[in-house]
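Undergrad: Here's a sequence, model it:
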Amino acid sequence: MLSNAPVYKRSVKNIKDVYISHINGKSKEAEIKRINKELANIRSKFKGDKALDGYSKKKYVCKLLFIFLLGHDIDFGHMEAVNLLSSNKYTEKQIGYLFISVLVNSNSELIRLINNAIKNDLSSRNPTFMCLALHCIANVGSREMAEAFAGEIPRILVAGDTMDSVKQSAALCLLRLYKTSPDLVLMGEWTSRVVHLLNDQHMGVVTAAISLITCLSQKNPDEFKTCVSLAVSRLSRIVSSASTDLQDYTYYFVPAPWLSCKLLRLLQCYPPPEDGAVKGRLVECLETILNKAQEPPKSKKVQHSNAKNAILFEAISLIIHYDSEPNLLVRACNQLGQFLQHRETNLRYLALESMCTLASSEFSHEAVKTHIETVINALKTERDVSVRQRAADLLYAMCDRSNAKQIVAEMLSYLETADYSIREEMVLKVAILAEKYAVDYSWYVDTILNLIRIAGDYVSEEVWYRVIQIVINRDDVQGYAAKTVFEALQAPACHENMVKVGGYILGEFGNLIAGDPRSSPLVQFNLLHSKFHLCSVPTRALLLSAYIKFINLFPETKSTIQEVLRSDSQIRNSDVELQQRAVEYLKLSSIASTDVLATVLEEMPPFPERESSILAKLKKKKGPGAVSVNELEEGKREGELNGGGERGGDNSGIAASNASTPSPSADLLGLRTGPPVTAAAPSAGSLLVDVFSEAGVNDDGFLSSAPPSVVSEDTAPPLPESNELLNKFVCKNNGVLFENQLLQIGIKSEYRQNLGRMYLFYGNKTSVQFVTFTTTVTCPGELQSHILHIYTCKHMFILAYTCYDKLNVQTKPVEPLIEGGAQVQQVINIECLSDFCEAPLLNIKFRYGGALQNLTLKLPVTINKFFQPTEMASHDFFQRWKQLSQPQQEAQKIFKANHAMDTEVLKAKLLGLGMALLENVDPNPENFVCAGVIQTKAQQVGSLLRLEPNAQAQMYRLTLRSSKDTVSKRLCELLAEQF
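TA: A predicted model of the protein is given here:
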């Protein structure tokens with residue numbers, strides 16, 4: 001094919017010299033006149049009696065193609081182009097295929113003739129003609145061509161006598177057809193032979209084939225899972241080779257960079273390899289790539305660094321995808337940290353973006369936090385707004401209780417000069433972080449008021465609504481909030497949102513600061529009323545409500561306020577809402593007795609605790625499908641109520657949280673069928689206790705034994721990898737539970753005592769809708785008792801409430817339609833009634849492209865999630881250890897280490913288990929001991945743990961003792977898989 005290229009160049013050169021020069025007229029009109037004349041000449045030649053030879057036909061077809069590319073319509077010459085396909089000359093056939101690829105519509109009547117010509121070329125065994133035919137199929141890519149050739153092209157691809165250049169074209173042609181008509185391209189018997197193309201000697205064939213295999217794997221991962229070991233083997237050979245070993249495919253001293261990137265991307269379609277040897281080889285490859293990134297560059301050219309960094313970032317993406325190798329995660333974080341100050345803007349951007357994902361991993365979160373100063377500096381000094389936005393995203397992702405005040409302060413400082421395009425998103429993030437990690441409520445109030453002062457135009461209603469809800473629900477902050485907002489309103493230029501907050505808080509709690517002459521009732525009223533005429537109608541309406549509240553709080557202001565209400569500007573206001581409020585409030589203050597007024601205008605009761613709407617606002621702001629599950633995990637380690645990262649850490653914080661929480665039997669999650677009870681004020685340990693409340697069932701709901709409608713097909717058995725996926729979440733609460741080419745399921749969960757809440761995020765990775773999307777949670781064996789479904793007809797709301805002997809599980813319904821690229825959320829509430837061993841099953845059914853997708857997973861709900869960490873002195877620990885000495889109370893296992901024996905990683909996993917890690921208790925400093933109490937509704941189960949690592953033998957001895965034998969055995973089984 002390439003040998004004929006000079007002929008084509010001469011042909012094009014002749015056209016340019018003889019023809020193109022005549023087209024370019026002095027004006028547009030002259031050009032059109034010249035083209036029309038030429039078209040008439042070509043038409044006459046095609047219709048003439050004299051038959052045209054191949055060269056003339058090629059010349060005129062080529063002219064038509066050129067005229068079309070100039071922007072003029074061509075309505076003839078198609079048959080002549082089809083006739084050129086039967087020529088045995090390369091240049092004539094090439095022009096024919098080129099014309100068809102550009103001008104022939106997929107619905108053309110000539111498709112049958114074209115298909116016949118293509119079939120002849122594919123069966124000719126002439127590699128040049130075969131390549132031309134394959135290129136035409138790929139360029140047109142119509143469904144008719146897919147129907148005609150989808151069965152033939154795989155045979156050409158895997159045939160032993162097919163030339164390498166034809167294999168490359170066949171692989172890419174098949175990929176094109178699969179993307180346009182996936183239902184027609186069925187690999188079937190060809191699957192294993194296509195996968196084995198990864199072992200082909202020709203690197204070009206491997207590069208083309210891997211693009212096809214990656215696309216096929218995303219659709220049918222189980223059919224192509226054998227490609228993992230072959231991809232690892234090929235990657236290992238490339239990574240370990242020198243630049244001289246693959247001379248034809250070495251790009252600026254980097255061996256086969258494109259193929260390496262594609263191999264790493266293919267591996268991201270699958271979980272970590274189960275085979276220990278394959279996994280070890282892959283880890284070696286990743287370590288080698290990280291090591292090479294530290295080596296001095298072999299060339300100063302930008303192409304060298306681009307190729308090298310492309311492989312590095314793809315390797316880091318794979319490490320993040322696996323999220324199972326702590327050492328690699330930390331190394332990847334350190335490598336990205338070096339790029340944060342690189343002179344290349346693109347590298348800084350990519351480093352910040354990747355570190356955002358790393359920050360959500362429990363293994364690398366602390367490593368990411370070490371770069372906080374560099375990220376803050378990037379936020380302040382970067383010239384590129386997109387890099388600054390990624391820096392803000394990373395600060396948001398790395399935030400926890402230890403650095404919340406510093407990060408919030410820096411983001412507030414940046415807000416004053418931030419680009420207008422990202423201010424609203426920054427405001428939402430500051431509001432979320434301030435609420436999530438506030439221990440001191442006065443700091444939270446100061447932060448939100450500062451936010452309004454700095455970027456008031458971008459503070460949405462959700463933000464200032466939220467601060468009012470929290471102030472009303474917290475008695476200890478109401479006085480401070482009233483004082484602070486009163487001082488803020490004294491500024492000469494005061495944003496309208498500040499007036500709204502001030503009007504609401506002073507109307508409710510102005511009496512708490514009225515004892516100070518500087519903030520007497522009349523001073524408060526005059527201050528608010530001085531802002532009245534500068535505000536919009538909704539704010540004026542709010543201020544009128546504050547005025548009537550003042551009459552109740554401060555009777556001495558009654559005459560002054562009535563005079564304002566009586567003024568023509570109020571009772572004759574052109575706005576009907578303001579007029580009605582003024583008239584009604586004036587009448588109410590005039591005729592109602594003091595007792596009636598006090599009853600009508602009594603202080604607002606606490607708001608029922610519910611999930612903050614600010615986070616939903618942020619998700620909506622960033623758009624559907626634009627934010628990964630990990631990026632939206634607002635409950636990051638130390639900020640979570642379940643103590644996911646705080647267990648065993650700051651125990652004073654845990655004690656404070658526990659002190660203010662109801663007993664385990666309290667209905668924090670709304671799991672009972674009764675109406676919800678207004679929650680008590682949240683503890684000082686966290687402002688987000690409201691995520692544990694759920695709206696109760698509507699009064700017009702009714703009970704029925706009929707389950708919600710689902711896809712009628714039988715439930716699929718649990719996936720083979722379900723146990724492996726479950727084990728990933730024994731020591732962590734957040735991450736990606738399942739992912740294939742269609743669907744990503746992310747999870748975020750939080751637990752307190754015997755109650756838990758789980759958020760499932762279903763992401764559609766395709767561009768096609770998921771329809772009839774349904775999920776069902778069931779419990780096997782010992783858990784199952786009976787299922788009750790509650791329907792609320794008024795709002796078409798279905799609440800599935802499942803009662804079991806061991807667990808109560810409440811699931812909110814999920815949207816039945818998920819758009820392409822979108823993500824939906826489902827909330828599952830869990831109550832632990834008694835200890836259990838089996839995990840609940842989650843069945844997901846939906847239709848994609850008409851085909852039913854049916855999969856079942858194990859929900860990562862394990863008994864250790866309900867641990868309450870317990871601190872013990874050495875004497876108390878061993879005394880309790882001896883008390884639990886009965887044989888059935890102990891479970892012990894000696895096993896070989898599955899991962900590197902890193903002390904910090906072991907500590908992190910033990911803390912993630914939920915128990916308190918006791919320091920200086922065991923006589924052997926190498927050993928780890930933990931203590932905790934499992935909270936169930938029926939009883940509390942005390943548990944003690946001792947882990948004895950033997951670094952020399954790479955072995956562990958794990959001993960669990962519990963007051964209940966089944967708990968000891970289950971915990972031992974779960975933990976043995978973690979080390």
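
Undergrad: Now Thr98. Nearest residue, chain neighbours left out?
TA: Not quite, residue 98 is Leu, not Thr. Spatial nearest neighbour of Leu98, excluding adjacent residues (CB to CB, 6 or more residues apart in numbering): Leu65 at 6.6 Å. Yep, even glycine has a C-beta here, placed from its N, CA and C like the rest.

Undergrad: SS state for that neighbour?
TA: What DSSP: H, G, I helix; E, B strand; the rest coil gives for Leu65 is helix.

Undergrad: which residues touch it?
TA: Applying CB atoms under 8 Å, 6 or more residues apart in numbering to Leu65 gives the contacts Ile95, Leu98, Phe99, Val102, Leu103.

Undergrad: Please indicate which of those residues are buried?
TA: By neighbour count, with 16 or more other CB atoms under 10 Å, those hold Ile95, Leu98, Phe99, Leu103 as buried.

Undergrad: Surely the last one is in contact with His78?
TA: Spelled out, that is Leu103. Yes. Using CB atoms under 8 Å, Leu103 makes contact with His78 at a distance of 6.9 Å.

Undergrad: continuing past the least confident helix or strand in the chain by mean pLDDT, what's the next helix or strand?
TA: Every helix and strand in the chain was compared by mean pLDDT, DSSP states H and E; the lowest is strand 702-704, with a mean of 30. As assigned by DSSP states H and E, the chain's next helix or strand after strand 702-704 is helix 722-728.

Undergrad: Wait, a strand at Tyr762?
TA: Yes. According to three-state DSSP, Tyr762 belongs to a strand.

Undergrad: I'd like to know how many residues surround it.
TA: When neighbours are counted by other CB atoms under 10 Å, Tyr762 registers 23.

Undergrad: Glu416 too?
TA: Neighbour count of Glu416, defined by other CB under 10 Å: 9.

Undergrad: for it, phi and psi?
TA: Here is the backbone geometry of Glu416 (degrees, to the nearest 10): phi -60, psi -30.

Undergrad: residues touching the closest residue to it other than its chain neighbours, list them.
TA: Leaving aside its sequence neighbours, Glu416 sits nearest to Ile454 (CB to CB, 6+ apart; 5.5 Å). By CB under 8 Å, 6+ apart, the contact list for Ile454 reads Leu412, Leu415, Glu416.

Undergrad: Hmm, the second one is touching Met426, no?
TA: Yes. Under the contact definition of CB under 8 Å, Leu415 touches Met426, with a separation of 5.6 Å.

Undergrad: In terms of neighbours, single out the busier of those two.
TA: Met426 (26 against 19).

Undergrad: got the contact list for that one?
TA: Ala392, Met411, Tyr414, Leu415, Ala418, Ala455, Tyr458.

Undergrad: try 7 Å
TA: Residues near Met426 by CB atoms under 7 Å, 6 or more residues apart in numbering: Ala392, Met411, Leu415, Ala418.

Undergrad: So which of the residues you listed belong to helices?
TA: Residues of these located in helices (DSSP state H): Ala392, Met411, Leu415.

Undergrad: Return the member of those nearest to Gln338.
TA: Ala392 (21.0 Å; CB to CB).

Undergrad: number of nearby residues for the closest one?
TA: Residues near Ala392, counting by other CB under 10 Å, number 25.

Undergrad: cool, and the one 4 residues further on?
TA: Using other CB under 10 Å, Tyr396 is surrounded by 23 other residues.

Undergrad: Kindly report the same for the one 3 residues further on.
TA: Using other CB under 10 Å as the criterion, Cys399 is surrounded by 28 other residues.

Undergrad: That one touches Glu435, doesn't it?
TA: No. Judged on CB atoms under 7 Å, Cys399 makes no contact with Glu435 at a distance of 11.8 Å.

Undergrad: Could you report the neighbour count for Leu394?
TA: Leu394: 29 surrounding residues under other CB under 10 Å.

Undergrad: What pLDDT does the model give it?
TA: Looking at Leu394, its pLDDT reads 93.

Undergrad: for Ile790, same thing?
TA: pLDDT, Ile790: 27.

Undergrad: what do you get for the one 3 residues further on?
TA: Cys793 carries a pLDDT score of 32 in this model.

Undergrad: Equivalent analysis for Ile818, please.
TA: Looking at Ile818, its pLDDT stands at 89.

Undergrad: number of nearby residues for it?
TA: Ile818 is flanked by 24 other residues according to other CB under 10 Å.

Undergrad: With that, I have no additional questions.
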